[in-house]
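1. okay, structure incoming, though there's no sequence with it:
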Ligand code: HEA
Ligand code: HEA
Ligand code: CUA
Ligand SMILES: [Cu+2]
């Protein structure tokens, strides 16, 4: 991530951001953006492996999966979906405001985003705690009385893997957001050139997008 | 390869509309899961998720301003996810 | 501007190397790393061959043997073959061939090298912390229950995977955004095409390998058994995920080699490629269709018969793209003006060995035949024919071809030919008997084997010693040339390639002035002042 | 000719019915491969010599640039290349067609196959026969009769490989896989484990001993019977010392296991439904499942139902059956499956059973005899029919 954004150089004049290998800033920004997308594509394929496993196991154990879904905390899952969607908006809005030169609003919305992200993780922690209390833990320790079937174990193993990996990405996203706040506050990211903000935003949206799929897979019964 | 954005920069309205659409779709998806429309409802939920992700990508992630190459990346990635899932599920479902 | 100082002398001291952002220096760092890996993996290979000299125990016990072939496979594939050509020659020449000063993200490039170095260190540490005995394929549930350092090694490979992804991102973006002014997609050199196709595979496939190895490591360390039958898991799904990476990965290993061959054949035949389009686009075809055929590694795993059929036919389709390339290279020789040098010798070896190896790939992709061949020495011979006979040969061709440009020195042609002869003959000697062993039914990963297989194993071991000696000689004269070789001209092969239009060795920012991109990289039929050698003009 | 090729290529003897066919394709593919590689190498070499610098045809000695000589010949060369590629592709597709048909054949055991249950574990093979006997490390098979192996593993993935038969099949823990072969002449054949499975992988071997009919029967008599019940996680599957004097048939053993393991508390064998579905007529039937799908009661389904009953729940029954994973072992599973199969012609009645048409439709080969001895008159349904079930079985003609 961080390696791809321009270095923290002292001057704020845009031309000094230009790396020697690029002809002009527009081209450089295009390159950074393309690079970020390629990186995001790579990230998505990391999750894709787990999605494929989910699809395969759901085919194999459809009844168990349905039963396990009924034991999920739909309320928290749905609340978290709303939280992330709104946070995606606030990031986008923060960038939008900066594009229009409104640094203060940008900072405010970045801060809101971070609060929402933290809220998401807090909900997630509550949910995990609840699972643990019922003997639903990842791996060999699994001891749920209500859902002893093998398919349910697979379901929860996948659940912990996928939401856990997602939560790790959330934590990473929060760190990036924190860094962006300092960049904007110190006027390193300017209305004229703020590629790092765009990239951080892209990352955040990606993490949100993954959750948009996790929600129906792990909460919605149907 | 042109570096100029093809579309004008995304305006404030776009974001607000996108947010509204996303919230509405989430609510719809939730409601649908409550009324339990049978076996198809699961596919419906996934379809709604796909639409949501497209909205996020198109507006929030600025795909509407992006170059062809960038959009191509997004498409290729989706294609490969489909290939991976299809190949594996086909084995499990058919053996 | 210090435009004339070569990249080798611009900046001195260890720090200037370790913290360099110059793609050429990073390429050299990769060269050191991957050659070291080749050496280590090669020593492992020779020990393997030594053990297989007699049917029972020869120099080591079963556990040591199992660790050894695992580490041979891991080191050769992940530490040598995957990073070798892209990391060394891709880094060094891709920007120059595009007329760029550097790759798009020089810092990411350095990070890629460090990810490679750290990952390799972890893998090698696993070797001392009990080794790994799972085979390079890490099949569950054996890998998750093995008492060896599986988690460490899997994590190390994961880190190397990051390096692969970083490099891939860099090359994709560089090719898209840093082509010299006026250079269209159909003007870029063929080597760049193949590296670009490789980069796409690296970016899209490597995360899936990372994930499957992570799942193995997590299971091994904490018992989160997503593939564990006792927890409802299905071990076959691991194989699917693994091969979703590892089949495309074989094209990560061979596409760059094909790029090298395309350059070498044009330069030494002094001829245009018979069809630029065919070579360029078939790279993309391989990259894409290559993703659709992973299931041919699972024919006997108990996968669904229908799925096996689909993967079988798709494997046939991907093979055809390689054939297109081979025919085009052959046709490129026609009507040329061929100078026969060490790289050309390797080219010839490549043509024979790769075609044979590739065709045996088609043979094992024929489902009913693979039932007999799967997990026998036939498969071992198949992939060594391609990976050693194809890729290693191409790596050596590239090393000799670009050596003058990279280091500004010339190696001894006489020793070059001697080395190449020994490598190619030794190779054929080593692996041809293994086809027969496989036919006769000797399974792979066998520490001991029935006595009737011995004579073929003896032949193979004998061949391996010639091969090893050939490699040692090669290493010897190249190192000698590095320090004592005569200075090289800017364009000793009279090539039209863009990389030969810069001073030797290239200056820090690659070009003395503006890069010249006219005439094109393969325009041997057009006279021009660069071609000092063409009397017809 | 083909015998000569077989020897040159060092293929082992063709000792199964499929070997000769597979080898023919093998020769075809390999000969083309060798000719193709030689052809490419020869052409390359020829060009290298003809067009060498200063040679008779190199551009310099012709004194022309490439451009001038090219166009005339390029067209022909292009056509040649396209033909070569097209021809090669047709060849590949032809191989695929032949190979895939053979592959399907390798996965379609003949109906009358003799079934043997195989358990692989680190690092041995054990075999259980239909007559209730078992053996370790040696598999006895009759010559001239197809044999189907139903295999599972206790620990890691192994692979059953007999080079002389040209067959190989991975043996995977947690599932069963099958492979079949028919031996053409008596003899001993090496079995290798072909999937890497740990330190003794290379010595995890066994033998197939193929015998003519009578010898085969005699050999089986000499074997000891399979142990009946008990926790067996750590003991070998087959214990000779405790053999009863008279080996029972595998189905009979299954009956005993069913009684000892308590299956019969919930399952009947006479067609009535109880806590669980009856076993009568179960084998081969199409089972409606909870969640709307259906499944065919194959060996795999039956095995899975014992190991993981909740994976697929029979529609209308509660998922109360406990898992028998680790409680009964592979030969016992084999015996149970065999027993359930032996009940396939018993007519079922009452309860939430699948439609009779489905039962009979899927067992086309054996028509139930009317008034078969041992079939009790149909009692009233033991449990209320679940929604959507078909009329009772008596309706069948
Ligand atoms: C660089 C590495 C590389 C490459 C390029 C390939 C290329 C191919 N491979 Fe290979 N393969 C491996 C490395 C590679 N492989 C490895 C490492 C394994 C073992 C992994 C393990 O289990 O440890 C393996 C295993 C493997 C298997 C599994 C075997 C088994 O375990 O049972 C199969 C099965 O289909 C297969 C098929 C193919 C095919 C169809 C190609 C095709 O892409 C080949 C295409 C090339 C050609 C077809 C040559 C060109 C042909 C001509 C010019 C034709 C001229 C001829 C005439 C005119 C007749 N490979
Ligand atoms: C790139 C991949 C690669 C390469 C190059 C090689 C090279 C060799 N391999 Fe390897 N091999 C694999 C990949 C590779 N192998 C893989 C993936 C497996 C499967 C592992 C598994 O089952 O899990 C395998 C397995 C394998 C086996 C089977 C083990 C078994 O199943 O029991 C054998 C047995 O003979 C073998 C032998 C050899 C030999 C003799 C060489 C020789 O070609 C080696 C000769 C090379 C040298 C001796 C090096 C000398 C180097 C120098 C002197 C430095 C030179 C430096 C410069 C010139 C810059 N290999
Ligand atoms: Cu069992 Cu290898
Ligand atoms: Cu493959």
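-> Happy to help now that I have it. What you are looking at is a predicted structure, and each value in this text was computed from that prediction instead of being measured. Ligands and ions are numbered 1, 2, ... in the order given.

2. burial count for the closest residue to ligand 2 within the stretch 1-150 of chain D?
-> Residue of the stretch 1-150 of chain D nearest ligand 2, by C-beta to the nearest ligand atom: residue D:123 (16.3 Å). Every residue, glycine included, has its C-beta placed from N, CA and C. Residue D:123: 17 surrounding residues under other C-beta atoms under 10 Å in any protein chain shown.

3. residue contacts, it?
-> D:193, D:197, D:198, D:200, D:201, D:203, D:204 (C-beta atoms under 8 Å, 6 or more residues apart in numbering or on different chains).

4. please name the nearest non-neighbouring residue to the residue in chain A positioned nearest to ligand 1.
-> Residue nearest to ligand 1 within chain A (C-beta to the nearest ligand atom): residue A:49, separated by 19.3 Å. The shortest distance from residue A:49 to any non-neighbouring residue, by C-beta to C-beta, 6 or more residues apart in numbering or on different chains, is to residue C:211 (4.0 Å).

5. same check, this time on residue D:215
-> Leaving aside its sequence neighbours, residue D:215 sits nearest to residue D:186 (C-beta to C-beta, 6+ apart; 7.6 Å).

6. kindly report the residues of the stretch 1-150 of chain D close to ligand 1.
-> The stretch 1-150 of chain D comes close to ligand 1 at residues D:32, D:36, D:39, D:40, D:88, as judged by C-beta under 6 Å from any ligand atom.

7. what's the helix or strand for the residue of chain A closest to ligand 1?
-> helix A:25-60 (DSSP states H and E).

8. buried ones in that helix?
-> Neighbour-count burial for helix A:25-60, counted by 16 or more other C-beta atoms under 10 Å in any protein chain shown, picks out A:25, A:27-60.

9. next one: stretch C:457-471
-> Residues of stretch C:457-471 classed as buried under the neighbour-count rule (16+ other C-beta under 10 Å) are C:457, C:459, C:460, C:461, C:462, C:463, C:464, C:466, C:467, C:468, C:470, C:471.

10. name all residues that make contact with residue 24.
-> With no chain named, the answer covers chain A. Applying C-beta under 8 Å, 6+ apart, we find residue A:24 in contact with residue A:18.

11. not what I meant, chain C
-> C:7, C:91, C:92, C:406, C:506, C:510.

12. also residue C:376?
-> Applying C-beta under 8 Å, 6+ apart, we find residue C:376 in contact with C:437, C:438, C:439, C:441, C:442, C:443, C:444, D:194.

13. want to throw these into CSV with pLDDT?
-> As requested, the contacts of residue C:376 are exported to CSV (pLDDT from 0 to 100):
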residue, pLDDT
C:437, 96
C:438, 96
C:439, 95
C:441, 94
C:442, 95
C:443, 96
C:444, 96
D:194, 95
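
14. any quick ChimeraX command for the buried ones out of the residues you listed?
-> To isolate the buried members of the contacts of residue C:376 in ChimeraX, using 16+ other C-beta under 10 Å:
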select /C:437,438,439,441,442,443,444 /D:194
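
15. helix/strand/coil for residue C:516?
-> Assigned state for residue C:516: coil (three-state reduction, DSSP: H, G, I helix; E, B strand; the rest coil).

16. and residue D:192, that one's in a helix?
-> No: checked against three-state DSSP, residue D:192 lies outside a helix; its state is strand.

17. confidence score at it?
-> Per-residue pLDDT puts residue D:192 at 95.

18. and for the one 3 residues further on?
-> Per-residue confidence (pLDDT) for residue D:195: 95.

19. check the secondary structure at it for me.
-> Counting by three-state DSSP, the backbone at residue D:195 sits in coil.

20. residue ranges in the stretch 151-300 of chain C under the pLDDT threshold?
-> For the stretch 151-300 of chain C, applying pLDDT under 70 flags no range at all.

21. what's around the closest residue to chain A within it, how many residues?
-> In the stretch 151-300 of chain C, the residue that lies nearest chain A is residue C:232 (3.2 Å; C-beta to the nearest C-beta). Neighbours of residue C:232 under the rule other C-beta under 10 Å: 28.

22. residues contacting it?
-> The contact partners of residue C:232, taken as C-beta under 8 Å, 6+ apart, are A:57, A:61, A:149, A:150, A:151, A:153, A:154, D:308.

23. which residue is the nearest non-sequential neighbour of residue C:481?
-> Closest to residue C:481 by C-beta to C-beta, 6+ apart is residue C:411, at 3.8 Å.

24. I meant to write residue A:41 there.
-> Excluding its sequence neighbours, the residue lying closest to residue A:41 (C-beta to C-beta, 6+ apart) is residue B:77, at 4.0 Å.

25. from residue A:43, how far out is the one you found?
-> Distance, residue B:77 to residue A:43, using C-beta to C-beta, to the nearest Å: 9 Å.

26. again with residue B:94
-> 31 Å.

27. got any ranges where chain B has weak pLDDT?
-> By pLDDT under 70, the low-scoring segments of chain B are B:1-9, B:36-39.

28. just the helices in it please.
-> Applying DSSP state H to chain B gives helices spanning B:12-35, B:40-55, B:68-94.

29. how about the first one, does it reach chain A?
-> I take that to be helix B:12-35. Yes: looking at helix B:12-35 against chain A by C-beta under 8 Å from any C-beta of the partner chain, the contacts come from B:12, B:15, B:18, B:19, B:22, B:23, B:26, B:29, B:30, B:32, B:33.

30. now do the buried residues in that helix.
-> Buried, per 16+ other C-beta under 10 Å, within helix B:12-35: B:14, B:15, B:18, B:19, B:22, B:23, B:25, B:26, B:29, B:30, B:32, B:33.

31. now do the longest one
-> Of all the residues in helix B:68-94, those buried under the rule 16+ other C-beta under 10 Å are B:69-71, B:73-74, B:76-78, B:80-81, B:83-85, B:87-92.

32. next one: stretch C:43-59
-> For stretch C:43-59, by 16+ other C-beta under 10 Å, it's C:44, C:45, C:46, C:47, C:48, C:49, C:51, C:52, C:54, C:55, C:58.

33. quick one: contacts for the last one?
-> With C-beta under 8 Å, 6+ apart as the criterion, the residues that contact residue C:58 are C:50, C:51, C:52.

34. which of those sits closest to ligand 1?
-> Distances from ligand 1 to the contacts of residue C:58, taken by C-beta to the nearest ligand atom, are shortest for residue C:52, at 16.8 Å.

35. okay, and for the chain, where does confidence drop off?
-> I'll assume chain A. A:1-16, A:222.

36. hmm, I had chain C in mind actually
-> Within chain C, the stretches with pLDDT under 70 are C:1-4, C:527-537.
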